[in-house]
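K.L.:
Could you look at this predicted model? Sequence included:
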Amino acid sequence: MSLKSSYDYIIVGGGLAGLLLGWELKKRNKPFVIFSNDQPASSSVAAGTWNPIAFRQMIPTWRAQEMIDKMLEVYSEIETVLDTQLLKMIDVEKVLANEQEIDFWKTQAVTDISKDFLKSEPHVINIKGEERYAGIVKQTGRLDLPEFVTLLRKYFADLGLLVNEDFDYNNISIKGEAVNYKDIQTDKILFAEGTYTSNNPYFNWLPFKSTKGDVLTIKSADLKVDKIRKKNIFILPIGNDVYKVGATYDWGDKSWEPSEKGKAEILEKFEKISDCTYEIIDHKAGIRPASHDRRPFIGEHPKHKNLLIFNGLGSKGVFLGPLLAQEFCSFLIGGGEIHPEVSIIRCFKKYWKEA
Ligand SMILES: Cc1cc2nc3c(=O)[nH]c(=O)nc-3n(C[C@H](O)[C@H](O)[C@H](O)COP(=O)(O)OP(=O)(O)OC[C@H]3O[C@@H](n4cnc5c(N)ncnc54)[C@H](O)[C@@H]3O)c2cc1C
């Protein structure tokens, strides 16, 4: 593909974050190109579920209803253009541990803040011949994220808006308001490289706390779970007796290789909330681009205003991505603000030092 000599925006990274930015810029008719290489991506491993409830307090997570509304709107637009279904609403079924948790659920489910997200009465499920209680979280589901990434990359590539090429930071030159990448002139470079930001000399000072996750795909004819069952791990039914089971959180291991330790941990937790024969048909691992305070990293470089970051989606990319990408694009084009909770300005004082 031949590149043009100028674009308003260059996006680095063709995972969920970069693709959502591309989507928003395209809607606004802004010229852009995405650079994406073939390194493993978190988006190609993720189960793609979302859940708007923080289980410890049984209250909605940050801006939950806004996130869900925008998410459903944007993924539906993308499904229409790609002419396929990628998103499915599926209830989350949270297995409750004891009487105390059941009572807490019942109390929280009728509060103004949580009632739109929790069904009030927990129901009985049978695990290993024992009666247990589970509560239903509403407005939950799953986006087939690996498929989303594959199809949207192809869509942009076919339009000449995505190149399968490594972006080399050594070829950036900044001249006042304008910035060049090799021979291409651009107004702004938007970095969305997931955990590979560690290679980016302009943003590698941000306090990422990336987390490895292993996830299994199993086949079981007798599991018969039709909701996203959650207790320490999730069991996600994806059809034809196939389930995704995971995921682990490992802050020490930085490799993308699936680990035996991760697999053993998943299976131990899985067998506590299921009773079935099964076969493992796939095992994958990836690294979530998580931040030190579990909020994304969005905004302008403290010195070079034409270099910006959209990253740190952590374990909630599907949920947070659409609204934050839209707000970020409104900021880029003028007229919008980056929410202070996700703005990288919060990190300037403590983490950034001018070289
Ligand atoms: C096991 C696991 C389970 C998960 N489950 C869920 C879930 O159920 N729900 C959910 O919402 N989220 C989940 N996540 C998190 C989700 O994957 C992330 O929030 C999201 O995908 C991050 O997207 P990203 O685009 O920031 O990063 P990535 O998907 O990693 O994409 C970054 C891209 O940038 C490219 N790149 C980097 N540097 C360069 C360069 N110099 N030149 C060119 N290209 C470059 C990379 O090759 C990659 O394609 C899970 C993650 C893991 C690992």
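P.N.:
That came through, no problem. Numbering: from 1, shown residues only.

K.L.:
quick one: contacts for the closest residue to the ligand within the stretch 1-150 of the chain?
P.N.:
Evaluated by Cβ to the nearest ligand atom, the stretch 1-150 of the chain has residue 15 as its residue closest to the ligand, separated by 2.0 Å. In this view, the C-beta of every residue, glycine as well, is placed from N, C-alpha and C. Each residue near residue 15 by Cβ atoms under 8 Å, 6 or more residues apart in numbering is listed here: 36, 41, 42, 43, 44, 149, 192, 194.

K.L.:
Apply 10 Å and report the result again.
P.N.:
Residues near residue 15 by Cβ atoms under 10 Å, 6 or more residues apart in numbering: 36, 39, 41-44, 46, 145, 149, 153, 192-196, 289, 311, 313, 317, 321.

K.L.:
Which of these are buried, as a PyMOL select command?
P.N.:
Here is the PyMOL command that selects the buried residues among those (16 or more other Cβ atoms under 10 Å):
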select buried, resi 36+41+42+43+44+46+145+149+153+192+193+194+195+196+289+311+313+317+321
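
K.L.:
out of the contacts of residue 15, which are inside strands?
P.N.:
Among the contacts of residue 15, DSSP state E puts 36, 311 in strands.

K.L.:
same for the ligand: which of the contacts of residue 15 are within range?
P.N.:
Among the contacts of residue 15, the residues that sit close to the ligand (Cβ under 6 Å from any ligand atom) are 36, 39, 41-43, 46, 192-194, 196, 289, 311, 313, 317.

K.L.:
Which helix runs longest in the protein?
P.N.:
Looking across the chain with DSSP state H, the single longest helix is helix 64-82.

K.L.:
quick one: contacts for whichever residue of the stretch 251-355 of the chain sits closest to the ligand?
P.N.:
Residue nearest to the ligand within the stretch 251-355 of the chain: residue 317 (2.4 Å; Cβ to the nearest ligand atom). By Cβ under 10 Å, 6+ apart, the contact list for residue 317 reads 15-17, 20, 42-43, 46, 48, 50, 143, 145, 194, 288-289, 296, 324.

K.L.:
and if we set it to 7 Å?
P.N.:
The contact partners of residue 317, taken as Cβ atoms under 7 Å, 6 or more residues apart in numbering, are 16, 17, 43, 46.

K.L.:
okay, among those residues, which ones form the most distant pair?
P.N.:
Taking Cβ to Cβ as the measure, these span a maximum distance of 12.0 Å, between 17 and 46.

K.L.:
give me phi/psi at residue 244?
P.N.:
With angles defined as degrees, to the nearest 10, residue 244 sits at phi -90, psi 140.

K.L.:
How about residue 10?
P.N.:
The phi/psi pair for residue 10 (degrees, to the nearest 10) reads phi -110, psi 130.

K.L.:
What's opposite it in the beta bridge?
P.N.:
Assessed by DSSP bridges, residue 10 has beta-bridge partners residue 33, residue 189.

K.L.:
What's the per-residue pLDDT of the most centrally placed residue in the chain here?
P.N.:
The centroid of the chain falls nearest to residue 317 when counting by Cα atoms, centre = their mean (1.7 Å). Looking at residue 317, its pLDDT stands at 98.

K.L.:
Please apply the same query to residue 28.
P.N.:
Looking at residue 28, its pLDDT reads 96.

K.L.:
Next, the contact list for it, please.
P.N.:
Going by Cβ under 7 Å, 6+ apart, residue 28 touches 329, 333.

K.L.:
Alright, that wraps it up for me.
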